[in-house]
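Colleague: below is the sequence, then the predicted model.
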Amino acid sequence: MEVEVRYHLSVRLSLKRTTETFDIEDGSSVGDLVGLIVSRYGSRFGDPAAYVFAVEGEPVEPRRRLQHREVVSIYPPTAGG
């Protein structure tokens, strides 16, 4: 199945891209997708445990299963004070 990934803020800058399409196996989770991204970009992607993931605009946990043509957004951690 196909999913679109949208990279935001510093993730976008470090990977030098805004979007990317992945062909993943049916039943794959956000965590499975992130594993593919890490294998592609290595340390340029950073620590996946620090990121916030959203599917179709709703925050999700990495165990969330994906459906064909869903959009996954990846946001870096935020800091505030």
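Modeller: Perfect, thanks for sending it. Numbering: from 1, shown residues only.

Colleague: for stretch 20-32, which positions count as buried?
Modeller: For stretch 20-32, a neighbour-count test (16 or more other C-beta atoms under 10 Å) marks 22, 24, 28-30, 32 as buried. Every residue, glycine included, has its C-beta placed from N, CA and C.

Colleague: typo on my end, stretch 53-61
Modeller: Those would be 53-55, 60, for stretch 53-61 by 16+ other C-beta under 10 Å.

Colleague: just to revisit the earlier point, okay, among the buried residues of stretch 20-32, which ones form the most distant pair?
Modeller: Phe22 and Ser29 (12.7 Å; C-beta to C-beta).

Colleague: what's the weakest-modelled helix or strand in this protein?
Modeller: Lowest by mean pLDDT, DSSP states H and E among the helices and strands of the chain is helix 9-15, with a mean of 94.

Colleague: nearest to Met1, of the buried residues of stretch 53-61?
Modeller: Taking C-beta to C-beta as the measure, Met1 lies nearest Val55 of these, at 13.2 Å.

Colleague: Ser43 versus the closest one, what's the distance?
Modeller: Distance of Val55 to Ser43, given as C-beta to C-beta, to the nearest Å: 25 Å.

Colleague: could you do Phe22 as well?
Modeller: On the measure of C-beta to C-beta, Phe22 and Ser43 end up 20 Å apart.

Colleague: next: Val60.
Modeller: 24 Å.
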